[in-house]
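1. Sharing a model that was predicted from the sequence below.
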Amino acid sequence: MELRGKRIVVLVDQLYQELEVWYPYYRFKEAGAEVLLAGPEAGATYPSKYGYPAKADLAFADLKPEDFDGVVIPGGYAPDHIRRQEAANRFVADMNAQGKLVAAICHAGWVLCSANGMLRGRRVTSFFAIKDDMVNAGAQWEDKEVVVDRNLVTSRKPEDLPAFCRAAIEVLKR
């Protein structure tokens, strides 16, 4: 089990994209990692775009980078809600500063844009509709299924999830 002993947190909030939460969640569990969900409030349930519930194990305010090896930020409309939470932005920025996995797919780039300047000079991709946001935050945007820039893994859409998870696992194994 290639990720045994690794701890990963997936950020959730209302209107998340289902595949972008549950595909990595179960893929990393399958590889032996402990995977938790975090939202604005511990114990609260957050509905996906289609109503599928995700119950947060932890609150954003309780997240400490020293407790995790990686963070996954899904897309959908959740990133627009997540980025409004300073604790989530700070956690993502701190994970990045420590060189730990930060994996963002689709609209999750919005959270990266709000994470204390972490995109300046970084290579990324995202859903095409937020390309301008990413570029305006200082990133070099590329139209590829996955872009890896040191500890940062980004992808465009649900169809990119296999490449996204493979790349994230490789970063976690380093």
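-> Done, it's in.
2. any idea how far the closest residue to residue 17 other than its chain neighbours lies from residue 113?
-> Excluding the flanking residues, the one nearest residue 17 by CB to CB, 6 or more residues apart in numbering is residue 76, at 3.4 Å. Every C-beta, even on glycine, is put in place using the N, C-alpha and C of the backbone. Computed as CB to CB, to the nearest Å, the residue 76 to residue 113 distance reads 16 Å.
3. Repeat that for residue 128.
-> 15 Å.
4. pretty sure residue 37 contacts residue 56?
-> Yes: counting by CB atoms under 8 Å, residue 37 does reach residue 56; the two are 5.2 Å apart.
5. what sits in contact with each of those two?
-> Both residue 37 and residue 56 are contacted by residue 12, under the criterion CB atoms under 8 Å, 6 or more residues apart in numbering.
6. So for these two, which residue has more residues nearby?
-> residue 56 (23 against 19; other CB atoms under 10 Å).
7. Report the beta-bridge partners for the nearest residue to that one once chain neighbours are set aside.
-> Spatial nearest neighbour of residue 56, chain neighbours left out: residue 39 (3.4 Å); criterion: CB to CB, 6+ apart. Beta-bridge partners for residue 39, by DSSP bridges, are residue 59.
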